[in-house]
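Q: Coordinates only, no sequence provided:
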Ligand code: DSN
């Protein structure tokens, strides 16, 4: 994209944008929550829908001039409903946290109990963590990981739910690399009379491509960001399933009211336009292949690193990410992240379950394959990337870092983003 007007009118922002583009092109983005949106998505984001106020919903707006906005939002809703096989969707959430906030407002009153996965085990801030609105204004309880098996502790899910009787249960994670048994959660939620929300922000692209089971038959509500494996703009979808409507026929309406006027004002219709484009892209055969390749690539990466003595937390991966415990390599997650970044490999430091180190200098790094797969990389490249990671982390010296930086640049140039 040329950005000629930007260059003309604001060269400082233009220059930063160019530098960021160059950084993206020449580094391996292995942060599992990041991806590259297509040019079409980016063009929709910069469309004139940016300028329009449209508080309300299609056919019931508080501002005039919304005839095309209404058509756009309905188009986006219909695409989301078809792709995820749900009867209701709200497409106005600004991003994942506000979307989850709307779920709380639609289903709970302040002080009610919510159960989610412990952040330290791989859960998300908005699933009840104390420093977040979800832990401050709601009473939160958690389930985690079984220390022996390192898998999600399903017995604990049932035990905590039966004891605490939460009104809302979240399933979904940000650094858990194994599949989640959605059916089991439904049985527990039904037994204790809780709403069940699947936050599939990390895996929604895998779900629509058939590379991961869908929670739709089991959950009442499904939330997802649109910019991770789904590869769209920053944004969110809040979906209500047939199960959810069976439980509460007004659930869709409650979600709508929670988003607007409960939490947000004018929807970002340029974002809605870009989500619509991303949903069209995600319905294609090539996207389905993409999602499956993301998982294949991740498995190869995990196998290669595992064979070289890297401890893969949760004993492997079944999705797009892996969590690596660097303890035996003599570096913290922070040092590992910094070493790899100097070599052009971008990952993020991450706590591992039962981490004895603080969150600022945790024991692990989290990495994944969504962005590299978008660039067209496959199993062979994953083997190469794994060996670069091994070299940098094990040798730690400037010479290896500098040499790897050049190899990364070369690899990136063979797989341009745009
Ligand atoms: N920040 C996201 C992630 O990186 O997983 C979650 O919100």
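A: In hand now; what should we look at? Note that the structure is a prediction, hence the values are computed from the model and not measured.
Q: List, one by one, the residues from this protein near the ligand.
A: By the rule C-beta under 6 Å from any ligand atom, the part of the chain lying against the ligand is 33, 96, 124, 174. C-betas here are computed from N, CA, C, even on glycine.
Q: For the ligand, what is the nearest residue in the protein?
A: Per C-beta to the nearest ligand atom, residue 33 is where the chain lies closest to the ligand, at 3.3 Å.
Q: one step back: filter the residues of the chain next to the ligand down to the ones in helices?
A: residue 96 (DSSP state H).
Q: what's in contact with stretch 159-170?
A: 100, 103-104, 107-108, 112-117, 123-124, 127-128, 141-143, 185, 188-189, 191-199 (C-beta atoms under 8 Å, 6 or more residues apart in numbering).
Q: If we use 6 Å, what do you get?
A: The contact list for stretch 159-170, computed with C-beta atoms under 6 Å, 6 or more residues apart in numbering, reads 107-108, 112-116, 127, 141, 143, 188-189, 192, 194-197, 199.
Q: Then stretch 276-285?
A: 40-41, 44, 75-76, 79-80, 83, 208, 226, 230, 232, 287.
Q: 8 Å - rerun?
A: In contact with stretch 276-285 (C-beta under 8 Å, 6+ apart) are residues 37-38, 40-41, 44, 72, 75-76, 79-80, 82-83, 205, 208-209, 226, 230-233, 287.
Q: for stretch 10-19, same thing?
A: Counting by C-beta under 8 Å, 6+ apart, 3, 6, 7 sit against stretch 10-19.
Q: How about the contacts made by the last one?
A: Contact partners of residue 7, counting by C-beta under 8 Å, 6+ apart, are residue 14.
Q: buried stuff in the helix or strand containing it?
A: Here residue 7 sits within helix 4-9, counting by DSSP states H and E. Residues of helix 4-9 classed as buried: residue 6 (neighbour count, 16 or more other C-beta atoms under 10 Å).
Q: Tell me which helix or strand residue 116 sits in.
A: Per DSSP H and E: strand 113-117 holds residue 116.
Q: Scan the protein for its longest helix.
A: The chain, longest helix under DSSP H: helix 285-307.
Q: quick one, what contacts residue 79?
A: 276, 279, 280, 283.
Q: Correct me if wrong: residue 29 contacts residue 373.
A: No. Using C-beta atoms under 8 Å, residue 29 is not in contact with residue 373, being 10.9 Å away.
Q: Looking at those two, which is more packed in?
A: residue 373 (27 against 22; other C-beta atoms under 10 Å).
Q: Assign that one to helix, strand or coil.
A: helix (DSSP: H, G, I helix; E, B strand; the rest coil).
Q: How about the contacts made by it?
A: Contacts of residue 373 (C-beta under 8 Å, 6+ apart): 290, 293, 294, 297.
Q: Neighbours of the last one, how many?
A: Residue 297 sits with 22 neighbouring residues when counted by other C-beta under 10 Å.
Q: Please name the nearest non-neighbouring residue to it.
A: residue 369 (4.1 Å; C-beta to C-beta, 6 or more residues apart in numbering).
Q: okay, the one you found: pLDDT?
A: Predicted confidence (pLDDT) for residue 369: 99.
Q: repeat for residue 1
A: For residue 1, pLDDT reads 73.
Q: Report the separation between it and residue 39.
A: Applying C-beta to C-beta, to the nearest Å, the value for residue 1 to residue 39 is 6 Å.
Q: Equivalent analysis for residue 349, please.
A: 32 Å.
Q: Counting neighbours, go ahead and name the busier of the two.
A: In this view residue 349 and residue 39 are compared by other C-beta under 10 Å, and residue 349 has more residues nearby, 21 against 12.
Q: would you list every one of the strands in the stretch 101-250 of the chain?
A: 113-117, 139-143, 168-171, 195-199, 221-225, 236-240 (DSSP state E, counting those that start in this stretch).
Q: Compute the number of surrounding residues for the residue nearest to residue 45 when sequence neighbours are not counted.
A: What sits nearest to residue 45 in space, not counting adjacent residues and going by C-beta to C-beta, 6+ apart, is residue 274, at 4.4 Å. Neighbours of residue 274 under the rule other C-beta under 10 Å: 29.
Q: what angle do the helix or strand containing residue 274 and helix 285-307 make?
A: Element membership for residue 274, per DSSP H and E: helix 269-282. For helix 269-282 against helix 285-307, the angle by axes from the mean of the first three to the mean of the last three C-alpha atoms, to 10 degrees is 80 degrees.
Q: Pull out the buried residues from helix 269-282.
A: 269-282.
Q: repeat for stretch 362-369
A: 362, 363, 364, 365, 366, 367, 368, 369.
Q: Going along the chain, name the helices of the stretch 301-418 of the chain.
A: Using DSSP state H, counting those that start in this stretch, the helices of the stretch 301-418 of the chain run over 333-342, 370-374, 379-395, 398-414.
Q: most tightly surrounded among those helices?
A: The highest mean neighbour count among the helices of the stretch 301-418 of the chain, using mean count of other C-beta atoms under 10 Å, belongs to helix 370-374: a mean of 26.
Q: And it, how far out from the chain middle?
A: 14 Å (C-alpha atoms, centre = their mean, to the nearest Å).
Q: Stretch 353-360 now?
A: 22 Å.
Q: right, and residue 210 touches residue 289 too?
A: No. If you go by C-beta under 8 Å, residue 210 and residue 289 don't touch, sitting 9.9 Å apart.
Q: Enumerate the positions of stretch 186-200 that are buried.
A: 186, 188, 189, 192, 194, 195, 196, 197, 198, 199, 200.
Q: what's the first-to-last distance across that stretch?
A: 15 Å (C-alpha to C-alpha, to the nearest Å).
Q: and what of stretch 347-358?
A: 18 Å.
Q: Now do it: everything it contacts.
A: Outside stretch 347-358, the residues touching it (C-beta under 8 Å, 6+ apart) are 30-31, 120-122, 144-145, 147, 150, 175, 313, 323, 325, 332-334, 336-337, 340-341, 359, 361-367.
Q: likewise stretch 41-56?
A: Outside stretch 41-56, the residues touching it (C-beta under 8 Å, 6+ apart) are 1, 37, 61-63, 65-66, 69, 72-73, 231-233, 260-261, 265-274, 276-278, 281.
Q: Find me the pLDDT at the residue nearest to residue 205 when sequence neighbours are not counted, would you?
A: Nearest residue to residue 205, sequence neighbours excluded (C-beta to C-beta, 6+ apart): residue 229, at 2.9 Å. In this model, residue 229 is scored at 98, pLDDT.
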